[in-house]
Every structure is written in C-alpha cells, then in structure tokens.
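# Sequence plus predicted model, see below.
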Amino acid sequence: MLQENCVESIIKAQNGDKDEMAKLVEENQGLIWNIARRFLGRGYDKEDLYQIGCMGFIKSIRRFDASFEVKLSTYAVPYILGEIKKFLRDDGPVKVSRSLKELYAKINELKRDYEKKGQEISLMQISKILRLPKEEIIMAIESAQNVESIESNTYSNDKSDKSISIIDTLSTEIDEATTITNKITIQNLIKKLNDREKEIILLRFYKDKTQSEVAKIVGISQVQVSRIEKKILQNMKDEIRGDVIEE
C-alpha cells in the first residue's frame, strides 16, 4: 500500500504541481534507468531513452489511482516500457530477442493450462511458477503485444462482464511489497559488497548452494559463512527500509 505522503505527492502532481512531478520522477529514476538500459545497443543515446521513459512514467502518474492498491513503481512499468517501445516502433522496427519470445510462449502455455481448468492466472502466479521477476514477465508480454495493449481490454470477467486489461492484473496481489524498485535497490547493494561477500551471495542465492558447500568453495568455516550471510542480509534490509526510492 502506498504511504500517505506519496499519495499526496501524486495528487499534487496530477493537479499540475510541476515541482511534485519532478520530485516523483527523481525518486523513481532508478526504475526508469533500469528499464531504459534494456534498450541500449540499438543506435539510440541512453539519455534519449531515459527521457522517453520519463514521459511514460509521467503518463502513469497522471492515470494513477490510489484505489488500485498497487505500488506506483509496479504500476508505472508498463507505461515506461510502452512509451520507449512506441518511440522505437515509430522510428523503426523493434527486434524481439529469442529469449523473450520463448518466455512469452511459456506464459501463453501457462495461461492455456489454467483456462482449461476454467481459471485465470495472475501475474504473481506466473512469476512464482517461472521463478522470474514480474518485470521480466511484463517485458515478455509487452514484447508480443501492440503498444496500445497495455491499456486496451484483454478479456472479460465472467461475473461482471467488465473488461480487464494487463494493467488491471497488476493491482490484484497482496505481495506487491516485493517491488521492482526494491529489486533494483538490492542489485545496487550487491555491487557495494567486497569480492568474498559477492561470491557468498552468488553461491547461496543464485547457485542454490548450502552453507557447507559455500564454506568449502570459499575456504572458510560454515559458521563464518552463516555469520557473513546474516550480516549482509541484515544490512540490505536496513538499507532497503531507508531507501529514498521506496514509496
């Protein structure tokens, strides 16, 4: 749930307060840069891509409603992606990588499996089943859709006959606290670790090694691995709680 001061800032920006709008953009520049960098290597200046991403973020602010019960950073992702992709498509064809196409195929397969059971699968469920961040799921979905699809109706709810879009599905899960913004923060925190700490985190949480296995690889005791890991995680939690980007 959004903090009250963030809601007030959004409302002020929606009412034409340019200072509040600039403040929101600045506080979320890490999110915008993270998405813009995904489109580097296509002959466009990174600053231009960032500015286009800012336009998408501003558009999300203008259309945001606190009743969505979704973090602003999560809600803004499709708008930032859509604005950059629209720019690239208007300027020339956008090439979709094989990995994104394969991921989109997996997502479609999951949707079909759930439809056969008479159920609908949420973004959160897809993320958990495929063990991928929601940002990557959204990226794959958007890569195969028209730019307008992030706001266009995708299907109807049988109970109310109300049309639902991709954006609507982003606001239905309780676990939105694990946001894309915090993911970016964690990535930045890992960069600050020394070589041994990075190796321990990599082995433990990206290679699924046990503390004993890590101890043998790094050349220290299991107790030391446990102590270092605990210290790193606590420091990360403390910094995330105080991160200026967190809403």
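Yep, that arrived.
# Check the closest residue to residue 198 other than its chain neighbours and give its pLDDT.
Of all residues not flanking residue 198 in the chain, residue 190 sits nearest, at 6.4 Å (C-beta to C-beta, 6 or more residues apart in numbering). Where you see a C-beta, it was placed from the backbone N, CA and C, and this is true even at glycine. With respect to pLDDT, residue 190 has a value of 81.
# secondary structure class for residue 190?
Three-state assignment for residue 190 (DSSP: H, G, I helix; E, B strand; the rest coil): helix.
# give me the number of residues near it?
Using other C-beta atoms under 10 Å, residue 190 has 16 other residues around it.
# Would you quantify the distance from it to residue 208?
To residue 208, residue 190 is 17 Å away according to C-beta to C-beta, to the nearest Å.
# distance of the residue nearest to residue 198 from residue 35?
Note on residue 190: its distance to residue 35, by C-beta to C-beta, is 19 Å.
# what does residue 199 give?
29 Å.
# Compare the two (neighbour count), which wins?
Neighbour count, other C-beta under 10 Å: between residue 199 and residue 35, residue 35 has more, with 24 against 15.
# Which residue comes closest to that one once chain neighbours are left out?
Nearest non-adjacent residue to residue 35, counting by C-beta to C-beta, 6+ apart: residue 80, 5.0 Å away.
# which other helices and strands contact whichever strand or helix holds that neighbour?
With secondary structure defined by DSSP states H and E, residue 80 is part of helix 72-91. Applying 3 or more C-beta pairs under 8 Å, 6 or more residues apart in numbering; DSSP states H and E, one finds that helix 72-91 makes contact with helix 29-36, helix 46-63, helix 134-143, helix 166-169, helix 180-191.
# Tell me which other helices or strands the second one touches.
Translated: helix 46-63. Packed on helix 46-63, when contacts are counted by 3+ C-beta pairs under 8 Å, 6+ apart, are helix 4-14, helix 18-27, helix 29-36, helix 72-91.
# So what's the residue count around residue 211?
By other C-beta under 10 Å, the residues close to residue 211 number 17.
# could the helices and strands packed on helix 72-91 go into a markdown table alongside distance to residue 16?
Shown next, in a markdown table, are these (distance: least, C-beta to C-beta, whole Å):
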| stretch | distance to residue 16 |
| --- | --- |
| helix 29-36 | 21 |
| helix 46-63 | 10 |
| helix 134-143 | 29 |
| helix 166-169 | 24 |
| helix 180-191 | 25 |
